[in-house]
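>>> Task: produce atomic coordinates for the following.
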Amino acid sequence: MGATAAVMVAALVQAAGDTPAGKAMRSGLSVSVPDAYKRLITDAGGTCPEVSPNLLAALLETESQFNSKAASPVGAQGIAQFMPSTWESSGIDGNHDGKRDVWDPEDAIPSAAKYLCSLAKEVKDVPGDKQSNMLAAYNAGSGAVLKYGGIPPYEETQGYVKSIVAIAGKTAPVGEMTTAEQGAEVVNAAQDMIGTPYSWGGGSESGPTIGTCCSPNGSSGASVKGFDCSGLTLYAYARIGISLPRTAAEQYAVSEPVKPDQAMPGDLVFYGSGPTSLHHVGIYVGGGWILDAPRPGTEVRFSPLKSMSDFFAIARPIPHHNKET
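Sure thing, here's the model as predicted:
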């Protein structure tokens, strides 16, 4: 399910409210979640109409990758990445053990749901999709959402909202997401493009397209026909009838992470500091190598998997098929 479809589902859930149909729509959990947290997320996911189990799970995956000990450089703590001041005002004793512990998922997960619901009330009169505005407020503060009349024009916040909506809209994988044979076809499609110039913004499901060769903002460099990193992966997966979104972060959001020792040719390899700040993606070919379009001034080529120091994850796309397949 793409981002637009996910937003439509969110709107239907909100409209259904606390009717039996609404409760049924909110009860499912199709996002992959560690077993230890499934009950907590399912229970907390019914705190208010704007928060579903899938959306809450997607937020926790984006914030911490379900790591209850996560700590950010700016001071955010725990599985839901609460800042200390926010935890002080919004944290609850979810397991009723007499203390509020930001590092305890039994406290932090219901606290995140409660905090989301409070943010939803604060931005309820802002135009646009209510869930998206609520998520933007979790990331940037309700004041920013109120100031800009919707999702603020911050690249981080816009990517954050888009990523969570995409993850929340994923359907549960059934069996293999892509087969070994399909993975080989993806690799072959990308290999056929070796030597094609790098082109910022270049590449579509049909093949190389015109982009700007030398500058991400288009300030310098002549136009050239080719691929950027996510344009190459978009093209290769289209060869097996699977449509991927355009950017590396969006492609990760519609993929299922796999352990490095379980990677197979055709899987996507991502680089960056987190799910919403991924800057590069390549196609795993095995033996510690990927196929990618690395950067301006290069061509589609084989590169070592560890050629970039900020390796983030390997993930396998969940099929989102083209209309003609």
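
>>> gap between R246 and A70?
Separation of R246 from A70 (Cβ to Cβ, to the nearest Å): 28 Å. The C-beta positions use only the backbone N, C-alpha and C, and glycine is treated the same way.

>>> Ok, I109 next?
13 Å.

>>> Common neighbours of the two, please.
Residues touching both I109 and A70 by Cβ atoms under 8 Å, 6 or more residues apart in numbering: I79.

>>> Which of these two has more residues huddled nearby?
I109 (27 against 17; other Cβ atoms under 10 Å).

>>> any idea where the strands of the stretch 101-250 of the chain begin and end?
209-212, 223-226 (DSSP state E, counting those that start in this stretch).

>>> a markdown table for the ones you listed, including mean neighbour count, mean pLDDT and distance to A166?
Output for those, formatted as a markdown table (neighbours: other Cβ atoms under 10 Å; pLDDT from 0 to 100; distance: least, Cβ to Cβ, whole Å):
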| stretch | mean neighbour count | mean pLDDT | distance to A166 |
| --- | --- | --- | --- |
| strand 209-212 | 18 | 80 | 23 |
| strand 223-226 | 18 | 87 | 26 |
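
>>> could I get the ones you listed as JSON lines with distance to N188?
Listed next are the strands of the stretch 101-250 of the chain as JSON lines, based on distance: least, Cβ to Cβ, whole Å:
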{"stretch": "strand 209-212", "distance to N188": "21"}
{"stretch": "strand 223-226", "distance to N188": "19"}
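
>>> Quick check: which of these is nearest to Y284?
Nearest to Y284, of all the strands of the stretch 101-250 of the chain, is strand 223-226, at 21.4 Å by Cβ to Cβ.

>>> Just list what that closest one packs against, helices and strands only.
strand 209-212 (3 or more Cβ pairs under 8 Å, 6 or more residues apart in numbering; DSSP states H and E).

>>> OK, contacts around T298?
For T298, counting by Cβ under 8 Å, 6+ apart, the contacting residues are Y198.

>>> Then A190?
Here A190 is in contact with 232-233, 235-236, 283, 291, 300 (criterion: Cβ under 8 Å, 6+ apart).

>>> With T276 as the reference, measure out to it.
25 Å.

>>> buried stuff in the longest helix along the chain?
Of all segments of type helix in the chain, defined using DSSP state H, the longest is helix 105-122. For helix 105-122, a neighbour-count test (16 or more other Cβ atoms under 10 Å) marks 105-120, 122 as buried.
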